[in-house]
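Asker: task: produce atomic coordinates for the following.
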Amino acid sequence: MSNQSSPDSNSVSVKLENAKKIYVMGSEEVRALNGVDLSIKPGSFWAIMGPSGSGKSTMMNIIGCLDRLSEGRFFLESQDVNLLDDNALSEFRLKRLGFIFQSFNLIPQLTVQRNIELPLYYLGWDAKESAERAQYLAEQVGLGDRLNHRPTELSGGQMQRVAIARALSNDPRILLADEPTGNLDTSTGDQIMEMLVKLNEQGKTIIMVTHEAYIAEHARVRLHMKDGVVDRIEGEN
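Answerer: Residues are numbered from 1 along each chain as shown. Purely as a prediction, here's the structure:
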């Protein structure tokens, strides 16, 4: 175990120290992250922006525990993520984080209820409690009457609402949203952003990747990436 102190989980949700992610592609070395220092407080709402290749997707994958740093340190709440093996990392991710994707990532064969319940199944929840939780969340996102529908029977906006409900099933303190309005029309996208703002007001820490400036305006902090480093930060953490 590291003998260096870890951030207090009450004051920091995410902390990166000299974070580097290096990919070797043939004879070329690509520094997707090239020394990022970042501190995100609990209950804040961040938008990560930048052109293609800037490092924003890599940053999201690191924060989401979907990839590991090549160098540097990464704390999620009070946990030094570098110290976790793959199994512990998967369990940590399942318990602590909620994910919202541009392409929804719903399972088409499953009903709305079963899609929302899926993380709870992996967490070993009782079937009755899991069903009650799914029903409650479906009602919270305005889909209480769609529990037995399958994704193909829903609009894009409704599918993203299911995805949000699924992300909330394990009651995570941190929600990660990757282009959450990317496949939606402007009006529906605005509705989804209103939901995310409300969740943030309720205390959720939200970290979102977006390339749309007007979507990023919903966040309280806007982080601009460029060539694997933080170019600038706008707003107040």
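
Asker: which residues touch the nearest residue to Ala216 once chain neighbours are set aside?
Answerer: Leaving aside its chain neighbours, Ala216 sits nearest to Ala47 (3.8 Å; criterion: C-beta to C-beta, 6 or more residues apart in numbering). From N, CA and C alone the C-beta is placed, and that goes for glycine too. In this structure, Ala47 makes contact with Met208, Val209, Thr210, Ile215, Ala216, His218, Ala219, Val221, Arg222, Leu223, judged by C-beta atoms under 8 Å, 6 or more residues apart in numbering.

Asker: am I right that Ala47 sits in a helix?
Answerer: No - Ala47 is assigned strand when assessed by DSSP: H, G, I helix; E, B strand; the rest coil, not a helix.

Asker: how near is it to Thr181?
Answerer: When distances are taken as C-beta to C-beta, to the nearest Å, Ala47 and Thr181 turn out to be 12 Å apart.

Asker: between those two, which contacts overlap?
Answerer: By the contact definition C-beta under 8 Å, 6+ apart, Ala47 and Thr181 are jointly contacted by Thr210, Ile215.

Asker: buried residues, the longest helix along the chain. List them.
Answerer: Of all the segments assigned as helix in the chain under DSSP state H, the longest by residue count is helix 186-201. Of the residues in helix 186-201, Thr188, Gly189, Ile192, Met193, Met195, Leu196, Leu199, Asn200 count as buried by neighbour count, 16 or more other C-beta atoms under 10 Å.

Asker: could you pull up the residues touching Met159?
Answerer: Residues counted as contacts of Met159 (C-beta under 8 Å, 6+ apart) are Phe104, Leu106, Pro151.

Asker: would you mind giving these as TSV with distance to Val81, neighbour count and secondary structure added?
Answerer: What follows is the contacts of Met159, written out as TSV (distance: C-beta to C-beta, whole Å; neighbours: other C-beta atoms under 10 Å; DSSP: H, G, I helix; E, B strand; the rest coil):
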residue	distance to Val81	neighbour count	secondary structure
Phe104	27	21	coil
Leu106	27	22	coil
Pro151	32	19	helix
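
Asker: re the thing from before, what residues are bridge-paired with the residue nearest to Ala216?
Answerer: Note on Ala47: beta-bridge partners Met208, Arg222, judged by DSSP bridges.

Asker: let me know the pLDDT of it.
Answerer: pLDDT, the model's per-residue confidence, is 97 for Ala47.

Asker: the most centrally placed residue in the chain and Leu97, how far apart?
Answerer: Here the mean C-alpha position of the chain is nearest to the C-alpha of Leu176 (C-alpha atoms, centre = their mean), at a distance of 1.1 Å. From Leu176 over to Leu97 the distance is 6 Å, taken as C-beta to C-beta.

Asker: and if you look at Asp145?
Answerer: Distance, Asp145 to Leu97, using C-beta to C-beta: 29 Å.

Asker: so for those two, which sits in the more crowded spot?
Answerer: Neighbours were tallied for Asp145 and for Leu97 using other C-beta atoms under 10 Å; the higher tally belongs to Leu97 (21 against 10).

Asker: in this structure, which spans are strands?
Answerer: In order along the chain, the chain carries the following strands (DSSP state E): 14-25, 28-40, 45-49, 71-76, 79-80, 97-101, 174-178, 205-209, 221-226, 229-235.

Asker: redo the ones you listed as TSV? Include distance to Tyr136.
Answerer: Formatted as TSV, the entries for the strands of the chain read as follows, by distance: least, C-beta to C-beta, whole Å:
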stretch	distance to Tyr136
strand 14-25	28
strand 28-40	28
strand 45-49	24
strand 71-76	26
strand 79-80	28
strand 97-101	15
strand 174-178	17
strand 205-209	20
strand 221-226	30
strand 229-235	33
